[in-house]
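> prediction below, plus the sequence it came from.
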Amino acid sequence: MTKQNGFSKRMLSTGRVTSGLTVVEVLFAMVIVLVGLVGVAAMVPFAIRQAEDSYKITQGLAAGDNALGVFNSHSIVQPRMDAPWLFIGDDGTRAVATSMSEYYASEFNVRILANSPTTLLQYAQLQNETIGMGFCIDPMFWGAQNSTAGLNNFTKTRFPFYNENMPTDYDPFGDATMTYITTPRLRRVSLFDPNSDPSNPFWLRQPPANSLAAVSGGDLTQSVRAADNRNGAPLRAEYADGAGALLVSPTSGASVSWLACLTPSDSTPLIGSSMLSVATQGTLRLLPESYDLAVVVFSKRDVRDFNLNATTGIGATGVVPTSERLGFLIDSSAATPDAWNAGTFDITILADSKVEGRVKIGDWLMLSRNSSVEFDTGSFATRQRHKWYRVISVTGENVFPKTVRVSGEPWYWTEHEIKYYNRMNITPPALPPTAVTLLKDVIQVYQRSVSLQTN
């Protein structure tokens, strides 16, 4: 017998198979890694853009807060003795307004001259329409203009700068004398230039106009006058001094600009003919006290594309400015259950083919329509309604018509309109034509309800 142990007994073959990676497998793994690296590399520019957008939004939010601080500390949102507005008429007439009552008086006088009312009912209609008109405080735009001259269906005294009556084919250069769509515009106003002749007042010009409308993002802007800073609030001086020196010292930070829209609230009381007499018919019976304020903050803004240059401006046939674009919602396109009851809803925007069709997520737009209110039994007046919405979804190419989903207040009937329909026991019809204002490079729109002094 042969002695055996665990070390003396060996196996010539274990039966195990040893294997490795083939060249094909190595190449396949390298391809997978390469695809992953390419994907990561492709995300870098996207991440950079996202960071830039986030930075712009952050700066815009800070600048918007600064703008609100400016409004609160200097009351730019309403005319005052030391910061009067300048009413600018369609015919070029200009009037200084040191209070809301003076401003509305200028508007009312324009309507009286245009309509020549003879009865208390007609005066009551004009009074209701006057106090239902909104306006846009836009010193930067007016600072770049030398006159009030318009062209075709464009007018500088309105925001956006298009006539209320537009051709039914939406062509800004078309003939609106025969068939047209009527939608409201805000009256575009500015501040009075204290260096101009009071007998021939003029609006605030550059550079003070730009200094007023430009706000520093991230850092507060303080007046250079120590007396203005005694309360430590963010301030900005509105004007240059007598020698033309600016009275503002912006600190570092990204610079953005603003404009402000003010619209009397939907609940503004009505003026009946019984509230007037022959002695008082020419004086506004009451003024709005509650307003919807929207402060629009831009990352950059070109106010020079509205000009009458025959080769490059709107005087050139077919050239439509891109800074303020106008589209429309017609009939029931906005009258959907979502629009009535929800904070987000779809709209389809129609516009002329010459209007740039680019709309992206994050843009802001303003919806505007006329509201018909019954001030006497069977007698109606037209008031304006303007609301801002953020675009949260876009479908289609960069042409109109285009469907977008927006977020904001329901686009429905006003309080006065609902009361009328309920009293008459009728179902509200389709909403009237609605204008859509599209602006470029808007970072944020701050919307507030504010109360203003009438005197």
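Yes, it's here. Residues are numbered from 1 along each chain as shown.
> CA only for contacts and neighbour counts going forward, please
OK.
> residue 46: how many residues sit nearby?
When neighbours are counted by other Cα atoms under 10 Å, residue 46 registers 11.
> tell me which element it is part of?
Under the criterion of DSSP states H and E, residue 46 resides in helix 23-74.
> now swap in residue 388 and tell me
Here residue 388 sits within strand 379-395, counting by DSSP H and E.
> partner strands of the following helix or strand past that strand, with direction?
Proceeding N to C from strand 379-395, the next assigned helix or strand is strand 402-407, under DSSP H and E. Strand 402-407 sits in its sheet next to strand 344-349 (antiparallel), strand 379-395 (antiparallel), going by DSSP bridges.
> let me see the contact set for the closest residue to residue 147 other than its chain neighbours.
In space, and not counting its chain neighbours, residue 147 is closest to residue 92: 7.8 Å by Cα to Cα, 6 or more residues apart in numbering. Applying Cα atoms under 8 Å, 6 or more residues apart in numbering to residue 92 gives the contacts 147, 148, 149.
> for residue 92, give its distance to residue 202.
Using Cα to Cα, to the nearest Å, residue 92 is found at 10 Å from residue 202.
> what mean pLDDT would you report for the helix holding residue 46?
The predicted model gives helix 23-74 an average pLDDT of 74.
> circling back: mean confidence for the strand holding residue 388?
93.
> buried ones in that strand?
The neighbour-count check on strand 379-395 (16 or more other Cα atoms under 10 Å) flags 380-394 as buried.
> repeat that for stretch 436-454.
Across stretch 436-454, burial judged by 16+ other Cα under 10 Å covers 436, 437, 438, 439, 440, 442, 443, 444, 445, 446, 447, 454.
> what do you get for stretch 262-281?
For stretch 262-281, the neighbour count (16+ other Cα under 10 Å) marks 262-266, 268-273, 276, 281 as buried.
> end-to-end on it?
Note: stretch 262-281 ends 26 Å apart using Cα to Cα.
> what about residue 196, how many residues nearby?
Residue 196 has 12 neighbours, counted by other Cα under 10 Å.
> for the closest residue to it other than its chain neighbours, give me its contacts.
Sequence neighbours aside, residue 202 is the residue nearest to residue 196 in space, at 6.0 Å (criterion: Cα to Cα, 6+ apart). Residue 202 makes contacts with 86, 94, 192, 193, 196, as judged by Cα under 8 Å, 6+ apart.
> from residue 305, how far out is residue 202?
Residue 202 is 22 Å from residue 305, by Cα to Cα.
> likewise residue 121?
The value you get for residue 121 to residue 305, if Cα to Cα is used, is 43 Å.
> which one of these two is surrounded by more residues?
residue 121 (20 against 16).
> which pLDDT value belongs to that one?
For residue 121, pLDDT reads 96.
> got it, and residue 177?
Per-residue pLDDT puts residue 177 at 74.
> circling back to that earlier point, among the strands paired with strand 402-407, which comes closest to residue 182?
For residue 182, the closest of those is strand 379-395, at 11.3 Å, according to Cα to Cα.
> alpha carbons only: can I get that closest one in CSV?
C-alpha atoms of strand 379-395 as CSV (Å, rounded to 0.1, in the frame of the first residue of the first chain):
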residue,chain,number,x,y,z
SER,A,379,-76.4,102.4,-20.5
PHE,A,380,-72.9,101.1,-20.6
ALA,A,381,-69.3,102.5,-20.4
THR,A,382,-66.0,100.9,-21.4
ARG,A,383,-63.3,100.3,-18.8
GLN,A,384,-59.9,98.7,-19.2
ARG,A,385,-58.6,95.5,-17.8
HIS,A,386,-54.9,94.5,-17.9
LYS,A,387,-53.3,91.5,-16.2
TRP,A,388,-49.8,90.0,-16.4
TYR,A,389,-49.0,86.3,-16.9
ARG,A,390,-45.9,84.1,-16.9
VAL,A,391,-45.4,81.6,-19.8
ILE,A,392,-44.9,78.1,-18.4
SER,A,393,-45.3,76.0,-21.6
VAL,A,394,-44.9,76.6,-25.3
THR,A,395,-45.9,74.5,-28.3
